[in-house]
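Enquirer: Got a sequence here, can you model it:
(one chain, ligands or ions: 1)
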Amino acid sequence: MVEVEHLRKSFGDLEVLKDVSFHVAASEVLAVIGPSGSGKSTMLRALAHLEEIDGGSIRIGGETLAKDGRYASSAKLKGITARMGMVFQHFNLFPHLTVRGNLELAPKLVKGLAAADIRAKASELLEKVGLSDKAEVYPSNLSGGQKQRVAIARALMMSPEILLFDEPTSALDPELTGEVLQVMKQLAEERMTMIVVTHEMGFAREVADRVMFMADGEIIESGRPEQLFGAPQHERTRSFLQRVL
Ligand SMILES: Nc1ncnc2c1ncn2[C@@H]1O[C@H](COP(=O)(O)OP(=O)(O)OP(=O)(O)O)[C@@H](O)[C@H]1O
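Expert: Coordinates of the predicted model:
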């Protein structure tokens, strides 16, 4: 479903992604862990075409987003990125729109979708994330955990095939992370393909099918959670896990 080969990205002199290659299968949940500044967010943003890469190839669902550092046409890019939904650390909700308005905005911009269908889907997704009673509320009146659940529902409105999460619980008070992780766990059980950059080792261990450890712009190792957490192969993974667990 996601094929990344030899991805490279620098910001000025700083090489943030150095020859990163990995695949994610359909219905797989990949957790990406690693120290701050290791390039996890940049890698995720590159997949969603929120960062331009310098080299390497990205294929999404068999379609080429970029090959050897060169991007597909803008029409094709639009089609490919529409297959992905993204959830950010800081929610990125539109403050001037109600919860329902946030969910309905993107589908309303797409020609040919009936307003009644969009409304029904928004209601269905708000129920799914446990926020049916907040449809007419503005984001400023929600807790962080509720905002993030709205952001997840919003990402699901366009029926993405892949969800990308960039530290979805890092901005939350500890008591609010559980409700967001629960929604993500449910999506994983429904076999949604997900890539989750996270500092939540519990989530990576319990929910992910595979965990990938990144440091200094490189994939140091990846494996099943019990393997990576139980018997890491590399000293760098071992010392990182000793610090965070
Ligand atoms: N737009 C940018 N311009 C310049 N440098 C950037 C930019 N975005 C990220 N960086 C730098 O690239 C490096 C990797 O950042 P990135 O956010 O991908 O790491 P990360 O592993 O996700 O870290 P964290 O866990 O702290 O979010 C960091 O040194 C960061 O300062």
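
Enquirer: Any idea how many residues pack against Ser222?
Expert: Ser222 has 18 neighbours, counted by other Cβ atoms under 10 Å. The way it works is simple: take the backbone N, C-alpha and C, and place the C-beta from them, glycine included.

Enquirer: Is it bridged to anything, and to what?
Expert: Listed beta-bridge partners, Ser222: Met212 (assigned using DSSP bridges).

Enquirer: what's stretch 218-227 in contact with?
Expert: With contact meaning Cβ atoms under 8 Å, 6 or more residues apart in numbering, stretch 218-227 is reached by 18-22, 30-31, 34, 204-206, 208-214, 228, 232-234, 236-237.

Enquirer: which among those residues are in contact with the ligand?
Expert: The residues of the contacts of stretch 218-227 that also fall near the ligand, by Cβ under 6 Å from any ligand atom, are Gly34.

Enquirer: May I see the PyMOL selection of the buried members of the contacts of stretch 218-227?
Expert: To isolate the buried ones among these in PyMOL, judged by 16 or more other Cβ atoms under 10 Å, type:
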select buried, resi 20+22+30+31+34+204+205+208+210+211+212+213+214+228+232+236+237
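
Enquirer: and the contacts of stretch 218-227, which of them are in helices?
Expert: Among those, DSSP state H puts 204-206, 228, 236-237 in helices.

Enquirer: Find the pair from those with maximum spatial separation.
Expert: Taking Cβ to Cβ, the two most distant members of those are Glu206 and Arg236; they sit 23.3 Å apart.

Enquirer: Get me the contact residues on this structure for the ligand.
Expert: Counting by Cβ under 6 Å from any ligand atom, the chain sits next to the ligand at 11, 14, 16, 34, 36-42.

Enquirer: host element of the most far-flung residue of the chain relative to its centre?
Expert: Farthest-out residue of the chain from its mean C-alpha position, per Cα atoms, centre = their mean: Ala116, at 28.5 Å. For Ala116, the host element (DSSP states H and E) is helix 115-128.
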